[in-house]
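K.L.:
let's see this in three dimensions:
(2 chains)
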Amino acid sequence: MAAGPALRELDSDGSSEELVLTPAQLLGGLEQESNLKRAKHGDLKVSIHRMEIERIRYVLSSYLRCRLAKIEKFFPHILEKEKSRAEGEPSILSPEEFAFAKEYMANTETYLKNMALKHMPPNLQKVDLLRLVPKPNLDAFVFLRVQERQENILVEPETDEQREYVIDLEEGSQHLIRYKTIAPLVASGAVQLI
Amino acid sequence: MHVRLMKETRFSKQCHNFVCPVNSTFLIFILNLILQGDLGPFNPGLPVEVPLWLAINLKQRQKCRLIPPEWMDAEKLEEIRDKERKEDTFTPMPNPYYMELTKLLLNYASDSIPKADEIRTLVKDTWDTRLAKLRLSADSFVRQQEAHAKLDNLTLMEINTTGTFLTQALDHMYKLRTNLQPGESAQSQDF
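P.N.:
Reported below is the predicted structural model:
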């Protein structure tokens, strides 16, 4: 089962600010787990399997925690993205996560209304969460490892005196660069965040 | 953030290690793991390759003896340390998880590793040299306001010691720089 390297990819998700697609194969891994709950009396083997299941559970739950944290941080923008995505494109949220995001938004709005807004003068009772909540910072610097060789990636200058220049990304090399320039490569899997 | 550090050591456990079962009551033929597939057969006296977490666990139950990796040897590590001190850039390390492996193996299996203390000192020296180089190069990166850096021979553990701080500092600097001309590119949020 090719879950080993996939688990390593999960680890990289903690580095990015955006919400990346849920790999369906790992949710399948969770089901495999429940298959292995057979009660055998081969003591050592059972305990080793149990240990491995615990490890897998830890990875999956820390991945889920990371995604939930991102949802809580950027919920209006994520819901906006969901609304505006085209029909054929896959969703970046699983159905449960989508329900969670909507509920979180509704709860936040209710809370703000009951705590503060309804006591304000009538013309100030609206609040636009999309503008109030900070957007994910796509200009953040990230560390990455290259899986597939890429040519001619444009590096934008930081200061006015510098020129922009192109670099080639060799396979297996590691770099530190701004997220925005390599965002499409992350989505396609050509580089991996570390 | 040390949460990242913990995660990395957890994952370094995915790397394999040699295990030599010694106790004759320990006899499983094939162990089938979800991630690694089949492991085994485990015969007493014969070395078997298993993932690190399993090796440490079996050692703690006294079901096996650990065989150190071939780079964990005093002369080799001394060579590596000297090479690292000579070069200005980072030299490739024998294993991308050398720090975690050293720490874990020396904690749990120092009896099966010859010259354990020497090895500990050598690896620590190499680590210190590399971190000093990393601090210097991070400093020059920020000073010259570079946009990109290639860090090929750095291991994950080293990146994580300064990584979060460095990226946050760079982000702040970027925000300050791009807000020098307000109203054009800056997207400030009005209340």
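
K.L.:
which parts of stretch A:165-173 are buried?
P.N.:
Across stretch A:165-173, burial judged by 16 or more other C-beta atoms under 10 Å in any protein chain shown covers A:167, A:169, A:173. Quick note: C-beta positions are derived from backbone N, CA and C, even for glycine.

K.L.:
just stretch A:92-106 next, same as before
P.N.:
A:92-93, A:97-98, A:100-101, A:104-105.

K.L.:
quick one: buried residues of stretch B:124-141?
P.N.:
Buried residues in stretch B:124-141, defined by neighbour count with 16+ other C-beta under 10 Å: B:125-127, B:129-130, B:133-134, B:137-138, B:141.

K.L.:
can you name the two of those that sit furthest apart?
P.N.:
Farthest apart among the buried residues of stretch B:124-141 by C-beta to C-beta are B:Asp125 and B:Phe141. That separation is 24.6 Å.

K.L.:
one step back: of the buried residues of stretch A:165-173, just say which sits nearest to B:Thr178.
P.N.:
Using C-beta to C-beta, these come closest to B:Thr178 at A:Ile167, 21.8 Å.

K.L.:
where in chain B is pLDDT low?
P.N.:
Residues of chain B meeting the criterion pLDDT under 70: B:1-37, B:40, B:181-191.

K.L.:
kindly report the same for chain A.
P.N.:
A:1-43, A:159-161.

K.L.:
tell me if the helix ranked longest in it is near chain B.
P.N.:
Using DSSP state H, we find that the single longest helix of chain A is helix A:43-83. Yes. Counting by C-beta under 8 Å from any C-beta of the partner chain, chain B is contacted by helix A:43-83 at A:44-45, A:48-49, A:51-53, A:55-56, A:58-59, A:62.

K.L.:
quick one: the helices in chain A?
P.N.:
According to DSSP H, chain A carries its helices in the segments A:3-12, A:24-35, A:43-83, A:95-115, A:129-132, A:179-188.

K.L.:
list the buried residues in the fifth one.
P.N.:
By neighbour count with 16+ other C-beta under 10 Å, helix A:129-132 contains no buried residues.

K.L.:
state the distance from the most centrally placed residue in chain B to A:Arg145.
P.N.:
The centre of chain B sits closest to B:Tyr97, judged by C-alpha atoms, centre = their mean, with a distance of 3.1 Å. Per C-beta to C-beta, to the nearest Å, B:Tyr97 is found 14 Å from A:Arg145.

K.L.:
could you do A:Tyr58 as well?
P.N.:
23 Å.

K.L.:
ditto for B:Ile67
P.N.:
29 Å.

K.L.:
please apply the same query to B:Leu122.
P.N.:
B:Leu122 is 27 Å from A:Arg145, by C-beta to C-beta.

K.L.:
neighbour count for these two, which is higher?
P.N.:
The neighbour comparison of B:Leu122 against A:Arg145 (other C-beta atoms under 10 Å in any protein chain shown) goes to B:Leu122, with 23 against 18.

K.L.:
that one reaches B:Glu75, doesn't it?
P.N.:
No. Judged on C-beta atoms under 8 Å, B:Leu122 makes no contact with B:Glu75 at a distance of 9.6 Å.

K.L.:
ranges for the helices of chain B?
P.N.:
B:2-12, B:52-60, B:74-86, B:98-108, B:116-143, B:156-178.
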